[in-house]
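Asks: quick one, what's the 3D model for this:
(one chain, ligands or ions: 1)
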Amino acid sequence: MTLIDFLREFPDEESCKRKFKEFREQAGVVCPKCGGTDHYWKRDREQWECKSCRTRITLKSGTVMHKSRLPYRYWFIAMHLLTSTKKSFSALELQRQLGHKRYHPIWHMVHKLRAAMGKRDGEYVLAGRIELDEGFFSTVTPPDKRDEPLKRGRGSQKKTKVLVMAESELVASPKKGAKPRRVGYLKMRVIEDLTKETINEVVRELASDATEVATDGSTSYVDLKEYIPRHDAQVISKDKVGEVLPWVHIAISNAKRQIINTYHDIKPEFLQNYLDEFCYKFNRRYASQTLFARLLFACVTYKNEFRYLYG
Ligand SMILES: [Zn+2]
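Replies: Predicted coordinates for the structure are as follows:
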């Protein structure tokens, strides 16, 4: 959606609210008390009323905007900017563009949108052949670790560890110069440490449908084959990494570049949110035309337990 299209479709608060209501009804309004799905719309109060138990449901309840006092249009503008730009968009920049006085509500809104993206992608479990590796992202040193002597390299307090997994099918006969593997879905998860237990737990949660995993032969992964049928652990030299694990490395370097270019001084506890946004957009790279609608749908169904109608 271009900016012109956006302004035409959402010229004011009313048009955003109307679209929001339309999406909620499309997703199905469910009574939180009795589970009823038939409601009256009370126009004067802007609430639904359950036909069976009379419980009132506000427009925002159960969505990502629950309790938000910001205008719908702010949310729509934020969703538009997050989904229409190739790169990311910082809350500070958004606050400037909106001319909003306080930073925190805007920051909170953008993080809620990223949480909706993360939750939506959480519905999907990686399958087939996957690549797996760790990335080390620069973050600010947590206050409780500032007095410790600075460690170098992978164990540094200035780095946050991230486990990266990508579906990666072998291309039967790749064209000359093309990558030997084709990438599918991507996942990134901040992890506390690089122990076998931690890594196994994350792999089990995010990639339980995987049939084969390629790693660089680091010892943490030794018992992956307990639940992934085939584990191809190769000790690889630096110049071969691009052949064996091409996509996780491309994803890690793109994510780093994008995050560093947009944000400064990322706290480790918020890194996951930025990664969620990166993965969400990466995983829908062929659906950029419908990204806004998809995100809006993820927002209105944020607290729903039922399966999503579309991605
Ligand atoms: Zn009810």
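
Asks: so where's the stretch 201-311 of the chain shaky on pLDDT?
Replies: 219, 237-238, 304-311 (pLDDT under 70).

Asks: all helices of it, in order?
Replies: Assigned helices in the stretch 201-311 of the chain, in chain order: 241-244, 246-262, 268-283, 291-300 (criterion: DSSP state H, counting those that start in this stretch).

Asks: in the protein, which helix is the longest?
Replies: helix 103-121 (DSSP state H).

Asks: other SSEs contacting that helix?
Replies: helix 72-84, helix 91-98, helix 268-283, helix 291-300 (3 or more C-beta pairs under 8 Å, 6 or more residues apart in numbering; DSSP states H and E). Backbone N, C-alpha and C define where each C-beta goes, glycine included.

Asks: give me the element I130 is part of.
Replies: Element membership of I130 [criterion: DSSP states H and E] is strand 127-138.

Asks: in its sheet, what does the helix or strand just after that strand sit against?
Replies: Later in the chain than strand 127-138, the nearest helix or strand by DSSP H and E is strand 159-170. Looking at strand 159-170 with DSSP bridges, its partner strands are strand 127-138 (antiparallel), strand 181-191 (antiparallel).

Asks: about what we covered before: give the rounded mean pLDDT of the longest helix of the chain.
Replies: For helix 103-121, the mean pLDDT works out to 95.

Asks: chain center to that helix: distance?
Replies: Distance, stretch centre to chain centre, for helix 103-121: 10 Å (C-alpha atoms, centre = their mean, to the nearest Å).

Asks: buried residues, it. List them.
Replies: 105-107, 109-121 (16 or more other C-beta atoms under 10 Å).

Asks: stretch 89-97 too?
Replies: 89-91, 94-95.

Asks: could you pull up the residues touching L98?
Replies: Contacts for L98 (C-beta atoms under 8 Å, 6 or more residues apart in numbering) come out as 74, 77, 106.

Asks: so who does the residue nearest to the last one when sequence neighbours are not counted touch?
Replies: Meaning I106. Nearest non-adjacent residue to I106, counting by C-beta to C-beta, 6 or more residues apart in numbering: Q95, 4.4 Å away. Q95 makes contact with 102-103, 106-107, according to C-beta under 8 Å, 6+ apart.

Asks: give me the nearest residue to the residue positioned nearest the centre of the chain, chain neighbours excluded.
Replies: Nearest to the geometric centre of the chain sits D276, at 2.5 Å (C-alpha atoms, centre = their mean). In space, and not counting its chain neighbours, D276 is closest to G118: 3.4 Å by C-beta to C-beta, 6+ apart.

Asks: same thing with R56?
Replies: Q47 (4.7 Å).

Asks: surely the one you found meets K60?
Replies: No: Q47 lies out of contact with K60 (C-beta atoms under 8 Å); the separation is 10.2 Å.

Asks: ok, back up a step: quick one: contacts of the longest helix of the chain?
Replies: In contact with helix 103-121 (C-beta under 8 Å, 6+ apart) are residues 64-65, 68-70, 74-75, 78-79, 82, 89-92, 94-95, 98, 100, 187, 270, 272-274, 276-277, 279-280, 283, 294-295, 298-299, 302, 308, 311.

Asks: hmm, 7 Å instead?
Replies: Around helix 103-121, the neighbours that count as contacts under C-beta atoms under 7 Å, 6 or more residues apart in numbering are 64, 68, 70, 74-75, 78-79, 82, 91-92, 94-95, 98, 100, 273, 276-277, 279-280, 283, 295, 298-299, 302.

Asks: ok, now stretch 45-62?
Replies: Contacts for stretch 45-62 (C-beta under 7 Å, 6+ apart): 20-21, 29, 31-34, 36, 38-42, 66, 68, 303-304.

Asks: ok, and of the residues you listed, which contact the ion?
Replies: 31, 33-34, 36 (C-beta under 5 Å from the ion).

Asks: what's the closest of those residues to E243?
Replies: C31 (54.7 Å; C-beta to C-beta).
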